[in-house]
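Trainee: here is my input; please provide its structure:
(chains A, B and C)
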Amino acid sequence: MKSHTKHLVMHTNERMEFVNITPDVERELKASGIREGLCLVNAMHITASVFINDDEPGLHEDYKRWLEWLAPYDASPQRYHHNRTGEDNGDAHHKRQVMGREVVVAVTNGKLDVGPWEQIFYGEFDGRRDKRVMVKIIGE
Amino acid sequence: MKSHTKHLVMHTNERMEFVNITPDVERELKASGIREGLCLVNAMHITASVFINDDEPGLHEDYKRWLEWLAPYDASPQRYHHNRTGEDNGDAHHKRQVMGREVVVAVTNGKLDVGPWEQIFYGEFDGRRDKRVMVKIIGE
Amino acid sequence: MKSHTKHLVMHTNERMEFVNITPDVERELKASGIREGLCLVNAMHITASVFINDDEPGLHEDYKRWLEWLAPYDASPQRYHHNRTGEDNGDAHHKRQVMGREVVVAVTNGKLDVGPWEQIFYGEFDGRRDKRVMVKIIGE
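Mentor: Residues are numbered from 1 along each chain as shown, chains lettered A, B, ... in the order given. Sure, this is the predicted structure:
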């Protein structure tokens, strides 16, 4: 069994932002030399997500508005007890649960075995600083 | 390490519908000959889910009503910017995020190592056309 | 390829409760002797979750209040059709979908390869009875 490990560094300009990291994952898969196996991609921070969906800007606007409805940004310690710690990112911990921490993708014949519209996104909910994304591939 | 790959084809009659695919996954596991490992099952389309929950029709009705509250169907381009592309499935991209893209199931002694009520479902949110589900099993 | 399988038994005093199981998963990883691979941790019951987030009591209060807004406890069969079966846990099946069933964690150099704040939690939504959590590790 082979394995390949890479920590990508992400840094967004916006507090909430989605970044297509499919090319980064494909590059790591190629570097791994693995032809059959599984590829895990996950946020290593708990106010960020990795998810698979459409690379369509209108949909991303919809997600942002929807997540803001589900868990509004509010720095005060009244809405989010978490913000009593001095943080202002209680909302981001909630948004991340809706969008998920990770994806696991099949590797077949040396390629990500995904549907035609599946794109891998990093979802940032408390950005403007360096964060890491794990890419771990195991197989043969 | 062995691996086994199968794309199941799904086609629902309803726009939103849940299909128990546990027997299909068990059949692929048997075909794989793998006794110890991991089994990934994921939707290959971004308006569908694979999730594990109860095979109980009342619960499925509850899920449908709840998902319609969280992300109502609305073909207009006002609610979902995504529908400005000519699509009418903005809601389906949201419902899929709540229910999730994939499950990873342990394989032990040649069987899916699941709890007594765990059943694997395909969750369709924009149906009435062919879509694919990945079953990938790796192990020995 | 090596594999290691453990069913943890969980029993919470509260109906909804979060338990940090990171030390249990680390203990199983050590017992497995696996240095490179993937570690799956999932609830084996469909009214419970395994998720990764912050070990901060204020945040856990926020999650509980938020989940109660998203899917309120209501034993009556009016709100949840599922409760027509004689159950009173329709809400718990919904809360579990928001928080997720499972996490997959990379194993690198014999350790869980996680970010500094990533802690693995068992999320119980219908507690006060024994339930099981799967830990499955594969690799070399």
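Trainee: contacting residues around the longest helix seen in chain A?
Mentor: Secondary structure assigned by DSSP state H gives helix A:57-70 as the longest helix of chain A. With CB atoms under 8 Å, 6 or more residues apart in numbering or on different chains as the test, helix A:57-70 has contacts from A:16, A:18, A:53, A:94-95, A:98-99, A:125, B:70-71, B:80-85, B:90, B:93-94, B:97, C:70. Heads up, the C-betas are built off the backbone N, CA and C, glycines and all.
Trainee: okay, and which of the residues you listed map to strands?
Mentor: By the criterion of DSSP state E, membership of the contacts of helix A:57-70 in strands covers A:18, A:53.
Trainee: of the contacts of helix A:57-70, grab the buried ones for PyMOL.
Mentor: Provided next is the PyMOL selection string for whichever of the contacts of helix A:57-70 are buried by 16 or more other CB atoms under 10 Å in any protein chain shown:
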select buried, (chain A and resi 16+18+53+94+95+98+99+125) or (chain B and resi 70+71+80+81+82+83+85+90+93+94+97) or (chain C and resi 70)
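Trainee: for chain C, tell me whether stretch A:4-13 is touching it.
Mentor: Yes: using CB under 8 Å from any CB of the partner chain, stretch A:4-13 reaches chain C at residue A:5.
Trainee: quickly list what the most centrally placed residue in chain A is bridged to.
Mentor: Nearest residue to the geometric centre of chain A (CA atoms, centre = their mean): residue A:50, 2.0 Å. In this entry, residue A:50 is beta-bridged to residue A:122, by DSSP bridges.
Trainee: who's in contact with it?
Mentor: With contact set as CB under 8 Å, 6+ apart, residue A:50 has these partners: A:21, A:41-43, A:100-103, A:120-123, A:133.
Trainee: looking at these, which is nearest residue B:108?
Mentor: Closest to residue B:108 out of those is residue A:102 (22.0 Å), distances taken as CB to CB.
Trainee: you'd agree that closest one is up against residue A:41?
Mentor: Yes: with contact defined as CB atoms under 8 Å, residue A:102 reaches residue A:41; the gap is 6.5 Å.
Trainee: ok, those two, which is more surrounded?
Mentor: residue A:41 (30 against 22; other CB atoms under 10 Å in any protein chain shown).
Trainee: state the helix or strand in which the more buried one lies.
Mentor: Assigned by DSSP states H and E, residue A:41 belongs to strand A:37-43.
Trainee: any residue of that strand up close to chain B?
Mentor: Yes: against chain B, strand A:37-43 shows contacts by CB under 8 Å from any CB at A:37-38.
Trainee: quick one: is that strand near chain C?
Mentor: Yes: for strand A:37-43, a contact with chain C is found by CB under 8 Å from any CB, at A:38, A:40, A:42-43.
Trainee: buried residues in the strand or helix carrying residue A:27?
Mentor: Residue A:27 belongs to helix A:22-32 when elements are defined using DSSP H and E. Within helix A:22-32, the residues that count as buried by 16+ other CB under 10 Å are A:22, A:24-25, A:28-29, A:32.
Trainee: quick revisit: buried residues of the longest helix of chain A, list them for me.
Mentor: Across helix A:57-70, burial judged by 16+ other CB under 10 Å covers A:58-60, A:62-64, A:66-67, A:70.
Trainee: angle of that helix against helix B:57-70?
Mentor: Interaxial angle of helix A:57-70 relative to helix B:57-70 (axes from the mean of the first three to the mean of the last three CA atoms, to 10 degrees): 100 degrees.
Trainee: avg pLDDT for helix A:57-70?
Mentor: Averaged over helix A:57-70, pLDDT sits at 98.
Trainee: interface residues of chain A facing chain B?
Mentor: Within chain A, the positions near chain B by CB under 8 Å from any CB are A:1, A:36-38, A:51-54, A:56-59, A:61-63, A:66, A:70, A:98-100, A:103-106, A:108, A:113-115, A:117-118, A:138-140.
Trainee: rerun that using 6 Å as the cut-off
Mentor: By the rule CB under 6 Å from any CB of the partner chain, the part of chain A lying against chain B is A:1, A:36-38, A:52-54, A:58-59, A:61-62, A:66, A:99, A:104, A:106, A:108, A:115, A:117, A:140.
Trainee: which residues touch residue A:136?
Mentor: The contact partners of residue A:136, taken as CB atoms under 6 Å, 6 or more residues apart in numbering or on different chains, are A:5, A:40, C:106.
Trainee: what is the burial count for the nearest residue to it once chain neighbours are set aside?
Mentor: The spatial neighbour of residue A:136 that comes closest, neighbours along the chain excluded (CB to CB, 6 or more residues apart in numbering or on different chains), is residue C:106 at 3.7 Å. Residues within reach of residue C:106, counting by other CB under 10 Å, total 26.
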